[in-house]
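Q: here's my sequence, what's the structure:
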Amino acid sequence: MKDEELAGRLREAAEAHRPDRARMLARIERGTAGDPAAGAVRPPRPARPWLRVAGATVAVCGVLAAGAFAVTSAGDDGAGRGGQVAAAPASRAASASPTAKGPAGLAGLRPEDGPLWTGGVVDPHSNPYWAQSNVTLRTTEPLSALTVELRVAATGGVNSTGSWRSLPEPDFTVSVNESGGYLVYRWTLRPGRTVPAGTHTFAGQYNHAEGDRDATGDYVTAHAVRASGAEAAVGDRFGRSR
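A: Numbers count the residues shown, from 1 in each chain. Model (predicted):
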């Protein structure tokens, strides 16, 4: 076949060919959709471990903050918005307890009343099994009547082993008994006798459970009539002892 004839046929075939424009556009669109640079969305990368921990911490803090806000808001009646929440007053049970107020026998009594004064102390020669409570009574005037009471709290193992006083024995009646949770020593001046002005001692002795004994519950009271006829009353508590 001659070159001229071949060239003619090629021209005829080219002129007869009609491209499928719709198919070409579809192929172009498919090619564009498969290209990440053309806007395709890539699957998200898994979060790094430290980012997950940080995110959980932020979430927990948010929950706690919301809970605190809810508790505060629940107690807000609208009268004090923006102010601080008032704390409940401390319990006053301690100030109202019998221990805080002291023994009933000491109600209204002080260590000194006019010419009369009294004080109680545990003898330093006491030991872990036995003790002596010393009562000092001082009066600047003679007394025509006097009753001294030493009350030892009936803690473990307390029982009397005796008593004494510096004033003459025949001038007093003495009794020891248990009453109201106390071992009570009572010295009463006999009628017609007189207590002279000066400093006098009354002592009660007793056993107790082994170990240090807390004597803060012990106390003494004294009621007297002065030679002038005026009355006087005093009282005092004891401290800690062996």
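
Q: could you pull out the strands in this protein for me?
A: 112-113, 116-122, 130-139, 143-153, 159-165, 172-179, 182-189, 198-207, 219-226, 231-237 (DSSP state E).

Q: identify the residues contacting the fourth one?
A: With CB atoms under 8 Å, 6 or more residues apart in numbering as the contact definition, strand 143-153 has outside contacts at 103, 105, 116, 118, 120, 133, 135, 137, 158, 181-189, 194-195, 202, 204, 206, 215, 217-227. Glycine gets a C-beta too; all of them are placed from N, C-alpha and C.

Q: tell me which residues of that strand come out buried.
A: Leu143, Ser144, Ala145, Leu146, Thr147, Val148, Glu149, Leu150, Arg151, Val152, Ala153 (16 or more other CB atoms under 10 Å).

Q: what's the answer for the fifth one, then?
A: Going by neighbour count (16+ other CB under 10 Å), the buried part of strand 159-165 is Ser160, Ser163, Arg165.

Q: hmm, Tyr206 and the second one touching each other?
A: No. Distance between Ser163 and Tyr206: 9.3 Å, which falls outside the contact criterion (CB atoms under 8 Å).

Q: beta partners for Glu112?
A: Trp117 (DSSP bridges).

Q: that one against Ala232, yeah?
A: No. Using CB under 8 Å as the test, Glu112 is too far from Ala232 to be in contact (9.2 Å).

Q: of those two, which one has the most company?
A: Using other CB atoms under 10 Å as the criterion, Glu112 and Ala232 rank with Ala232 on top: 19 against 14.

Q: mind showing which ranges of this protein have poor pLDDT?
A: Along the chain, the parts satisfying pLDDT under 70 run over 1-4, 6-8, 10, 12-102, 240-242.

Q: per-domain residue ranges of it.
A: Listed domain ranges for the chain are 3-73, 109-237 (source: automatic domain parsing).
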